[in-house]
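Participant: Generate coordinates for the sequence data below:
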Amino acid sequence: MKKLLFPIELTFKIGTLANDFIAKDANGDTVGYIRQKMFKLKEDVEVFTDESKTSLLYKIQADQWLDWSAAYSFENALGRNIGKVARKGWNSIWKAHYDVIDQNDNLQYHIREENGWVKVIDSLVGEVPLLGMLTGYLFNPTYLLTDMQNNPITRLKKEPSFWGRKFSIIQLGDIDNDDDDRIMLSLMMMLLLERRRG
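Facilitator: Residues are numbered from 1 along each chain as shown. So this is what the prediction gives:
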């Protein structure tokens, strides 16, 4: 991806069979178009330069069928491994917890949901007729990415929106140039998984 200008706005498309969204930077320029292939036994996600889907930037693929504690590997367009994000199974039951791992299998960052109650209330209220349609405006979970010293680096937040389709990523700390793509891919994959969970 090109140099990132925060905040990054993520907007899911409505009316398509695929689970896809577009990422735009602070200037409104497209950072990437993310498309999750449907009806696959293992997660398979592609990141393109834009909505035309002519230029592939990255592929994200799960290492196993079930995503309870799956790891999702990142490859660039040349097929080179650039790292992965791994869901922490039991730790993610109450609040989402993911680890960001570099291409050498070194743990670099953690992603944690900041308040587990938001997801619980969102799920409960979502079952109430009519009121459930408004949960996208009422309950907005946030996820904090921290380094190994627990310093905050970025925050991903669900923005108030109909159908809960808008999210933003803000920068809180310094990001190493070698890590920016890995961080963005990790947040994007986590968003696809957590949005499906509720």
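Participant: Show me what counts as buried in the longest helix along the chain.
Facilitator: With DSSP state H applied, the helix covering the greatest number of residues in the chain is identified as helix 180-197. Neighbour-count burial for helix 180-197, with 16 or more other C-beta atoms under 10 Å as criterion, is recorded at 180-195. For every residue, glycine as well, the C-beta is placed using N, CA and C.
Participant: then it to PDB, C-alphas only?
Facilitator: Extracted C-alpha coordinates of helix 180-197, given in PDB (Å, rounded to 0.1, in the frame of the first residue of the first chain):
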ATOM      1  CA  ASP A 180       2.500  -0.300   8.200                       C
ATOM      2  CA  ASP A 181       1.200  -2.800   5.600                       C
ATOM      3  CA  ARG A 182       1.200  -5.700   8.100                       C
ATOM      4  CA  ILE A 183      -0.700  -3.600  10.600                       C
ATOM      5  CA  MET A 184      -3.300  -2.500   8.000                       C
ATOM      6  CA  LEU A 185      -3.800  -6.100   6.800                       C
ATOM      7  CA  SER A 186      -4.100  -7.400  10.300                       C
ATOM      8  CA  LEU A 187      -6.800  -4.800  11.200                       C
ATOM      9  CA  MET A 188      -8.600  -5.400   7.900                       C
ATOM     10  CA  MET A 189      -8.700  -9.200   8.500                       C
ATOM     11  CA  MET A 190      -9.700  -8.800  12.100                       C
ATOM     12  CA  LEU A 191     -12.500  -6.500  11.000                       C
ATOM     13  CA  LEU A 192     -13.900  -9.100   8.500                       C
ATOM     14  CA  LEU A 193     -13.900 -11.700  11.300                       C
ATOM     15  CA  GLU A 194     -15.300  -9.600  14.100                       C
ATOM     16  CA  ARG A 195     -18.000  -7.900  11.900                       C
ATOM     17  CA  ARG A 196     -19.300 -11.400  11.100                       C
ATOM     18  CA  ARG A 197     -19.400 -12.300  14.800                       C
END
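Participant: mind checking how far it is from the chain centre?
Facilitator: Here the centre of helix 180-197 is set off from its chain's centre by 2 Å, with C-alpha atoms, centre = their mean, to the nearest Å.
Participant: How about stretch 50-60?
Facilitator: Using C-alpha atoms, centre = their mean, the distance between the centre of stretch 50-60 and that of its chain works out at 16 Å.
Participant: contact partners of that stretch?
Facilitator: In this structure, residues lying in contact with stretch 50-60 by C-beta atoms under 8 Å, 6 or more residues apart in numbering are 1, 22, 30, 32-33, 35, 43-49, 72-77, 82, 181, 185, 188-189.
Participant: go with 10 Å
Facilitator: Outside of stretch 50-60, the residues that reach it under the criterion C-beta atoms under 10 Å, 6 or more residues apart in numbering are 1-2, 13, 20, 22, 29-36, 43-49, 72-77, 79, 82, 84-85, 181-182, 184-186, 188-189, 192.
Participant: ok, now stretch 174-185?
Facilitator: Contacts to stretch 174-185, defined as C-beta under 10 Å, 6+ apart, come from residues 1-4, 6, 8, 23, 31-32, 34, 45, 47, 57-60, 72-74, 76, 82-85, 100-103, 108-109, 111, 145, 147, 151, 153-154, 169, 171, 186.
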